[in-house]
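> Here's my sequence, what's the structure:
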Amino acid sequence: MQTSTTSSRRILFVDDEASFLDMISTAFGAWSKGEWQVLTADNAGRALSLLQEQKIDLVVIDLNMPIVDGVQFLSLLHRKHPSLPKAVLTGLLGESQRAASLAQGAELFLEKPRNQAGLESVFSMLNELGRMKRESGFRGVLRQVGLQDIIQMECLSRHSVVLEISYDRVTARIFIEEGDIVHAEHDEKSGEAALNSILHLTGGEFNLKPWTDPGVRSIDGQWEFLLMEAARLNDEATQTASDTAARKEEQRAGAWEEYTPDSINNPPVARSTPRRRPRFDEPSPPMVEEMLICNTQGDLHYEWQSKNAETRITLLEFLQQKSKQLTLGLPLGTIRKFDAATEEARMIALLGGERTSLITTRRVVQTL
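Coordinates of the predicted model:
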């Protein structure tokens, strides 16, 4: 259902009670004086269709709905539309419902009004939330952070985002859907060829934007191996460029002996320059040894090649606890990442949110 009022802000109400939706649509549409376009959906499926069809500025959700309840729907929205403002308007009041809603991305938890005064109060709160201006993403300089690190964090957190990279008036995009790299675009390339060329870039700007469907799935494979393959190709290209530069330097320095009058009867001969022998002590790209994802209650969601998942989960719980203690004791802000490295291996733990993740990598040194 949709009002005929043309407005600058679209507010979507999701509730299985038709009479309540009709009352909200009429009252809020009138009180907003044309600033709101009230959209309504009586189930989560209809709400998702509206979100795909048009831009929504605020979603207001009831918790007590059949098939997919409000908390489940909030969780889905928070993964697919992390920057979309969300509020809960429900008759199910309780500390557990409030905590679950806020943990899944809701910014307001409101009680369904029982009179006109309560309805006006709800309208004022939602109107203020709808007016908040939000950045569509985060910006950064690639010289300070690697693209592979950004992609790794988004994939481990199972986010749905579009990573947009800009350099020299050129824009490239990597599409990540629920933690999987599904498409990439760069110049006239697409798929893995585009992804590899993007990851070969050495500078520019990135912007994490809300998920939009690219309309095509040109990449199919685990993101860990896609990143390792891109790193391997990058190393090969760098080595080739280094060898080419060395040969040019040899030619520029002079591959011939100096010509002098004494050498008239003895023409110059080429100087013997030994070729660079390949080095077998150079490290190869890092190999992912294990990966594990669990929720904050210690329930295992995903595990790959982890020899002792219980020990890893205990470690994540320990790091989560210590990060909270550090946050309380030091003015550092919320700690989201723990990174430990040796000369041969590296471990990354992503903390906070509804999931915690751990991944370890190891460099393999080739020897004769």
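> where in the stretch 1-150 of the chain is pLDDT low?
1-7, 132-145 (pLDDT under 70).
> got the residue ranges for the helices in the stretch 51-200 of the chain?
70-80, 95-103, 116-131, 147-156, 192-199 (DSSP state H, counting those that start in this stretch).
> Report pLDDT for the residue nearest to the spatial centre of the chain.
Nearest to the geometric centre of the chain sits residue 154, at 3.0 Å (CA atoms, centre = their mean). On the pLDDT scale, residue 154 is placed at 86.
> before we move on, the earlier item: could you say which one of the helices of the stretch 51-200 of the chain comes nearest to residue 338?
The closest of those to residue 338 is helix 147-156. By CB to CB, the value is 12.5 Å. Using the backbone N, CA and C atoms, a C-beta is placed for each residue, glycine as well.
> Could you quantify the relative orientation of that closest one and helix 192-199 as an angle?
Angle of helix 147-156 versus helix 192-199, following axes from the mean of the first three to the mean of the last three CA atoms, to 10 degrees, is 120 degrees.
> Report the backbone C-alpha coordinates of helix 147-156 in PDB.
Taking C-alpha atoms only, helix 147-156 is exported to PDB below (Å, rounded to 0.1, in the frame of the first residue of the first chain):
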ATOM      1  CA  LEU A 147      42.400  -3.600  -0.600                       C
ATOM      2  CA  GLN A 148      42.900  -7.200   0.300                       C
ATOM      3  CA  ASP A 149      42.500  -6.300   4.000                       C
ATOM      4  CA  ILE A 150      39.300  -4.500   3.300                       C
ATOM      5  CA  ILE A 151      37.900  -7.300   1.200                       C
ATOM      6  CA  GLN A 152      38.900  -9.900   3.800                       C
ATOM      7  CA  MET A 153      37.200  -8.000   6.700                       C
ATOM      8  CA  GLU A 154      33.900  -7.600   4.600                       C
ATOM      9  CA  CYS A 155      33.900 -11.300   3.600                       C
ATOM     10  CA  LEU A 156      34.700 -12.600   7.100                       C
END
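> buried stuff in it?
Residues of helix 147-156 classed as buried by neighbour count (16 or more other CB atoms under 10 Å): 147-148, 150-156.
> from the residues you listed, which is closest to residue 28?
residue 154 (35.6 Å).
> you'd agree the residue nearest to the centre of the chain is up against residue 174?
No: if you go by CB atoms under 8 Å, residue 154 and residue 174 don't touch, sitting 9.1 Å apart.
> got any residues that touch both of these two?
residue 163 (CB atoms under 8 Å, 6 or more residues apart in numbering).
> OK, contacts around the closest residue to residue 171 other than its chain neighbours?
What sits nearest to residue 171 in space, not counting adjacent residues and going by CB to CB, 6 or more residues apart in numbering, is residue 164, at 6.3 Å. When contacts are counted by CB under 8 Å, 6+ apart, residue 164 touches 137, 171-173, 206-209.
> And residue 164, what's its pLDDT?
Residue 164 is given a pLDDT of 87.
> Beta-bridge partners for it, please?
residue 173, residue 207 (DSSP bridges).
> Pull up the gap between it and residue 234, please.
Noted for residue 164: a distance of 21 Å to residue 234, by CB to CB, to the nearest Å.
> And for residue 324?
38 Å.
> Looking at the two, which one has more neighbours?
residue 234 (18 against 14; other CB atoms under 10 Å).
> For the more buried one, pull up the helix or strand it's in.
Here residue 234 sits within helix 223-253, counting by DSSP states H and E.
> Can you mark which positions in that helix are buried?
223-224, 226-231, 233-234.
> picking that back up, next up, the contacts around the closest residue to the residue nearest to the centre of the chain other than its chain neighbours.
Sequence neighbours aside, residue 176 is the residue nearest to residue 154 in space, at 5.2 Å (criterion: CB to CB, 6+ apart). Each residue near residue 176 by CB under 8 Å, 6+ apart is listed here: 151, 154-155, 159-163, 182, 211, 223.
> can you do 7 Å?
154-155, 159-161, 163 (CB atoms under 7 Å, 6 or more residues apart in numbering).
> And residue 307, by the same measure?
Counting by CB under 7 Å, 6+ apart, residue 307 has no contacts.
> Then residue 97?
residue 63.
> And the one 10 residues further on, by the same measure?
Each residue near residue 107 by CB under 7 Å, 6+ apart is listed here: 85-87, 129.
> which one among the residues you listed gets closest to residue 351?
Using CB to CB, those come closest to residue 351 at residue 86, 22.8 Å.
> The closest one touches residue 105, doesn't it?
Yes: Residue 86 lies in contact with residue 105 (CB atoms under 7 Å); the separation is 5.4 Å.
> any idea how far residue 113 is from residue 157?
For residue 113, the distance to residue 157 - CB to CB - is 36 Å.
> Please identify which of these two sits among more neighbours.
residue 157 (21 against 18).
> Next one: the more buried one from residue 114, what distance?
On the measure of CB to CB, residue 157 and residue 114 end up 40 Å apart.
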